[in-house]
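In: Starting from these lines, generate the structure:
(2 chains)
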Amino acid sequence: MNWSLRGDAPIYAQLVEQIKQEIVSGGFPPGQRLPSVRDLATEAGVNPNTMQRALAELEREGLVYSQRTAGRFVTEDKIMIEQAKLGLAREQIQQFLQSMSRLGYEKADIVALLQKEGELTCQS
Amino acid sequence: MPILECNGLTKSYGHALALSGVNLAIEPGRIVGLLGPNGSGKTTLIKLANGLLTPTAGEILIDGMAPCKETKKIVSYLPERTYLSTWMNVTQLLDFFCDFYPDFRRDVAQEMLQRLGINERQRIKQMSKGTREKVQLILVMSRSARLYLLDEPIGGVDPATRDYILSTIISNYSPDAAVIISTHLIADVEQVLDEVIFINQGQVILQSSVDDIREKNGKTVDALFREVFRC
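Out: Numbers count the residues shown, from 1 in each chain, chains lettered A, B, ... in the order given. Have a look, this model is predicted:
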């Protein structure tokens, strides 16, 4: 997978977000075994302890689970994955709304603009 | 028990104070950045840990022992400058390291050399600066030591080689060993580090985890460093 890390946020939080994204988009399908901490860390170019922390966080949220000897797996609970997806979508929307309000748009204008944009995209 | 511990560690060269009253502890399993401007005492600290220098006051302990023959067995050191005999070729160097260090893993070294396309029959003399640095790092990382001391491992190499060196450090990670990387190329190493130690004018001014710095300050370690050490 493609890792891209920004400077302003804690690294582990960004890793959590990106693995989550990979899970909800099906890159890591339900029930799939995740690569080892070391492999993931090497691929992302981050400290193995930081990757470990990110995976522990995902485990705490229930999106991944570990089996004593076999490794870590993506949850098979599709509802939970759907919810995580919705959570990520809402974060995107919040960010978008904030940017739009900085530009001076009201909610109603934003909705209208979105609708127009949607129609244009459909036509093209 | 910390793998490296300093208590009131002080080193002066004549009247010049290189380190003064340094206290710190580094636990196994950590990758630590030793960061500071030029002349802040980074290399002095690393040389003290190797027993190449002796403290003026205070103590430095490796796995609970003052630097000695026993600690050299568990410390793998990458000096700032290449010390390898330039007439040797890579095979001879591998023999040399096997003779010196019982923990040297020749197979690991050979695999890394092969991946970088370094010919074992090539002499050090015939290599570019970057290749020499790669060979030296491979030798150092191929020991299964408890403490790796890397003094400016990425200073003289191109960005692609830098990435390779950092991924070598990550893939050799062991929970029993600590890695200390001294550098001022912070942006390049930041993601690889657990924690950082800021050192200035011979004193430790900050020891913190990278993510704590990012969380508290909302900025990278690199940005914080520039702020703290603004000239």
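In: Buried ones in stretch A:97-106, by neighbour count?
Out: A:M100 (16 or more other CB atoms under 10 Å in any protein chain shown). Quick note: C-beta positions are derived from backbone N, CA and C, even for glycine.
In: Now find how far off-centre it is within its chain.
Out: 24 Å (CA atoms, centre = their mean, to the nearest Å).
In: Could you tell me the end-to-end distance of that stretch?
Out: Length of stretch A:97-106, first residue to last, CA to CA, to the nearest Å: 9 Å.
In: what mean pLDDT does it have?
Out: In this model, stretch A:97-106 carries a mean pLDDT of 93.
In: With stretch B:98-108 instead?
Out: Average pLDDT, stretch B:98-108: 95.
In: gap between the two ends of it?
Out: 12 Å.
In: Show me which parts of it are buried, residue by residue.
Out: For stretch B:98-108, by 16+ other CB under 10 Å, it's B:101, B:104-105.
In: Quick one: list the elements packing against the lowest-mean-pLDDT helix or strand in chain B.
Out: None of the helices or strands of chain B scores lower by mean pLDDT, DSSP states H and E than helix B:159-171, at a mean of 86. Other helices and strands packing on helix B:159-171, by 3 or more CB pairs under 8 Å, 6 or more residues apart in numbering or on different chains; DSSP states H and E, are helix A:37-44, helix B:129-141, helix B:186-189.
In: quick check, distance from the next helix or strand after that helix to the centre of its chain.
Out: Under the assignment DSSP states H and E, the closest C-terminal helix or strand after helix B:159-171 is strand B:178-183. Averaging C-alpha positions (CA atoms, centre = their mean) puts strand B:178-183 4 Å from its chain's average.
In: Stretch A:63-81 now?
Out: 16 Å.
In: want to throw the buried residues of stretch B:98-108 into a markdown table with distance to A:E91?
Out: A markdown table is the format used below for the buried residues of stretch B:98-108 (distance: CB to CB, whole Å):
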| residue | distance to A:E91 |
| --- | --- |
| B:Y101 | 51 |
| B:F104 | 49 |
| B:R105 | 45 |
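In: which one of the residues you listed sits closest to chain A?
Out: B:R105 (16.6 Å; CB to the nearest CB).
In: right, and that closest one touches B:A145 too?
Out: No: using CB atoms under 8 Å, B:R105 makes no contact with B:A145, being 10.7 Å away.
In: quick one, which of the helices and strands packed on helix B:159-171 is nearest to B:R162?
Out: helix B:186-189 (5.6 Å; CB to CB).
In: right, and the helix or strand after the closest one?
Out: strand B:195-200.
In: where along chain A do the helices fall?
Out: Secondary structure of chain A (DSSP state H): helices at A:11-24, A:37-44, A:48-61, A:78-102, A:107-123.
In: helix/strand/coil for the spatially most central residue of chain B?
Out: Taking CA atoms, centre = their mean, the centroid of chain B lies closest to B:L150, which sits 1.6 Å from it. Here B:L150 is recorded as strand under DSSP: H, G, I helix; E, B strand; the rest coil.
In: ok, what's across the strand from it?
Out: B:L78, B:I181 (DSSP bridges).
In: shouldn't it be in contact with B:P79?
Out: No: contact criterion CB under 8 Å: B:L150 and B:P79 do not qualify, at 9.3 Å.
In: okay, and the common contacts of the two?
Out: Counting by CB atoms under 8 Å, 6 or more residues apart in numbering or on different chains, B:L150 and B:P79 have no contacts in common.
In: Spell out which parts of chain B neighbour chain A.
Out: B:29-31, B:163, B:166-167, B:170-171, B:173, B:191-194, B:210-211, B:214-215, B:218-220, B:222-223 (CB under 8 Å from any CB of the partner chain).
In: mind checking how far B:N89 is from chain A?
Out: For B:N89, the distance to chain A equals 30 Å [CB to the nearest CB, to the nearest Å].
In: repeat for B:F198
Out: 18 Å.
In: what sits against B:G58?
Out: Taking CB under 8 Å, 6+ apart as the definition, contacts of B:G58 comprise B:6-10, B:21-22.
In: can you rerun that using 6 Å?
Out: By CB atoms under 6 Å, 6 or more residues apart in numbering or on different chains, the contact set of B:G58 is B:7-10.
In: tell me the average confidence for the helix or strand harbouring B:K72?
Out: For B:K72, the host element (DSSP H and E) is helix B:69-74. For helix B:69-74, mean pLDDT is 94.
In: Flag every residue of chain A that's near chain B.
Out: Contact residues (CB under 6 Å from any CB of the partner chain) of chain A with chain B: A:7-8, A:10-12, A:41-42, A:45-49.
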